[in-house]
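Novice: pasting the sequence and the predicted model now:
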Amino acid sequence: MEKLPLPTEPRAVGTARHIDDYAESAARYVQTGQQGAANTQRAYAGDWKRFTAWCHEHGRPSLPADVPTAAAFVTSLAEAGKKVATIQRHCASLSKAHQLAGLPTPTDDRQFRVLLEGISREKGVRQKQAPAFTLAYFKRVVQGIDLDRPDGIRDRALLLLGLAGAFRRDELASLDIEHLRFDDDGLVVELPKSKTNQKGEAEEKAIFFAPDRRSCPVRAVKDWLELLHQQGQTSGALFRSFHKGQRLSRRRLSTFSLNEIVQLRLGMPYTAHSLRASFVTIAKLNGADDAEVMNQTKHKTTSMIRRYTRLDNIRQHNAAQKLGL
């Protein structure tokens, strides 16, 4: 019979850490998990700053804040004409600050919830949304861009990619040249992170060739890349700003600048978010089902697709056309 090997002494792999040594790292991971997306953090920081200033003005402690203080604060926001969505976001920032500090959250109180319900009923909860444009209007705008100017080549690529990929503006702004992969079918864009993908799991968007070269997102991106390569830019930020005189800079377009470009090209009241909303609306009008739309937008629920669909025209997508009368 073959003998089993005798156990050997374990080899030293370094000094073992005491369990308490992990506490600091664990606390950091917990805080990262609670903080959320970068845009959300910035919004919460601004809301918290307003709350602490209000507390200082009224001689109330902000952390921890008691229920009467939180109630008085949101009442002041309501009476100042703030929208329900803005008030709800302020409540979320209060809650997050108390969670991060390991303190009871005043906004969880039952009477406080009743107060919020009353504010919502009186003010209404309809949130202003970025409008969607028609495909015909979008194509007219894109095909009318002056491509003799470098910023025209950039803006055409930005608009077409933004619509075809249903991108959020922070996703567009954060794209690098390395995130693009071309093949015979078009373009695959890798998303290292997104609002619904905070862990950095692999996530991709497919962009397809369009029959009309003037409104083809794949060819538009290739044209922009060719200009970047001519300037010696073969890596890093995809969408960049220009110095005066159409001189390309190395500076990545901010989300604010990206929004300004969309408004400049498409006109008011459209915003960068209109690209994403219009993708959903146009796709649904053309017969796409929710699963197909979600495969591109990366929404997690069909309820969000319904929220994003801008079908304000009563004759659009109306079953009355299918009665057969």
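Specialist: Received the coordinates, thanks. Numbers count the residues shown, from 1 in each chain.
Novice: now for the longest helix seen in the chain, which elements pack on it?
Specialist: In the chain, taking DSSP state H as the definition, the longest helix is helix 38-57. Judged by 3 or more Cβ pairs under 8 Å, 6 or more residues apart in numbering; DSSP states H and E, the packing partners of helix 38-57 are helix 67-79, helix 84-100. Any C-beta I mention is one placed from the backbone N, CA and C, and that applies to glycine too.
Novice: give me that answer again for 10 Å
Specialist: helix 67-79, helix 84-100, helix 169-174 (3 or more Cβ pairs under 10 Å, 6 or more residues apart in numbering; DSSP states H and E).
Novice: between those helices, which one is nearest to Tyr44?
Specialist: helix 84-100 (4.0 Å; Cβ to Cβ).
Novice: may I see the buried residues of the closest one?
Specialist: 84, 86-98 (16 or more other Cβ atoms under 10 Å).
Novice: same check on stretch 292-299?
Specialist: 293-294, 296-299.
Novice: from the chain's centroid, how far away is that stretch?
Specialist: 14 Å (Cα atoms, centre = their mean, to the nearest Å).
Novice: cool, and stretch 287-301?
Specialist: 16 Å.
Novice: tell me which two of the buried residues of stretch 292-299 sit farthest apart.
Specialist: Val293 and Lys298 (10.1 Å).
Novice: return stretch 258-278 as CSV; C-alpha atoms alone will do.
Specialist: Output of stretch 258-278 as CSV, limited to C-alpha atoms (Å, rounded to 0.1, in the frame of the first residue of the first chain):
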residue,chain,number,x,y,z
LEU,A,258,-20.1,68.2,-23.0
ASN,A,259,-23.6,69.4,-22.0
GLU,A,260,-22.8,72.8,-23.4
ILE,A,261,-21.8,71.2,-26.8
VAL,A,262,-25.1,69.3,-27.0
GLN,A,263,-27.1,72.5,-26.2
LEU,A,264,-25.1,74.5,-28.7
ARG,A,265,-25.6,71.9,-31.5
LEU,A,266,-29.2,70.8,-30.8
GLY,A,267,-30.5,74.0,-29.2
MET,A,268,-32.5,74.5,-26.1
PRO,A,269,-34.3,72.8,-24.3
TYR,A,270,-32.2,69.7,-25.2
THR,A,271,-29.4,68.5,-22.9
ALA,A,272,-26.8,65.8,-22.9
HIS,A,273,-29.4,63.6,-21.2
SER,A,274,-31.7,64.1,-24.2
LEU,A,275,-29.3,61.8,-26.2
ARG,A,276,-30.1,58.9,-23.8
ALA,A,277,-33.8,59.7,-23.5
SER,A,278,-34.1,60.0,-27.3
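Novice: so what's the nearest residue to Ser235 once chain neighbours are set aside scoring on pLDDT?
Specialist: In space, Ser235 comes closest to Ile177 once its chain neighbours are excluded; the distance is 5.5 Å by Cβ to Cβ, 6 or more residues apart in numbering. Looking at Ile177, its pLDDT reads 97.
Novice: show me what contacts Ile177?
Specialist: The contact partners of Ile177, taken as Cβ atoms under 10 Å, 6 or more residues apart in numbering, are 224-225, 228-229, 233-238.
Novice: domain parsing for the chain?
Specialist: 24-123, 135-308 (automatic domain parsing).
Novice: what about the longest one, distance to the chain center?
Specialist: In other words, domain 135-308. Counting by Cα atoms, centre = their mean, domain 135-308 comes out at 13 Å from the chain centroid.
Novice: so Phe138 touches Ser215, yeah?
Specialist: Yes. Here Phe138 reaches Ser215: they are 8.1 Å apart, a contact under Cβ atoms under 10 Å.
Novice: what sits in contact with each of the two?
Specialist: Joint contacts of Phe138 and Ser215 (Cβ under 10 Å, 6+ apart) are 159-160, 163.
Novice: if we can go back for a sec, which residues do Val293 and Lys298 both contact?
Specialist: Contacts common to Val293 and Lys298, judged by Cβ under 10 Å, 6+ apart, are Ala166.
Novice: tell me the contacts of the closest residue to Ala164 other than its chain neighbours?
Specialist: Spatially, and ignoring its direct neighbours in sequence, Ala164 is nearest to Pro217 (4.1 Å; Cβ to Cβ, 6+ apart). Residues in contact with Pro217, defined by Cβ under 10 Å, 6+ apart, are 142, 156-157, 159-165, 186-187, 207-210.
Novice: at 6 Å what do you get?
Specialist: 160-161, 164, 207 (Cβ atoms under 6 Å, 6 or more residues apart in numbering).
Novice: hmm, Arg252 and Ala237 touching each other?
Specialist: Yes. Contact criterion Cβ atoms under 6 Å: Ala237 and Arg252 qualify, at 3.7 Å.
Novice: understood, closing this out.
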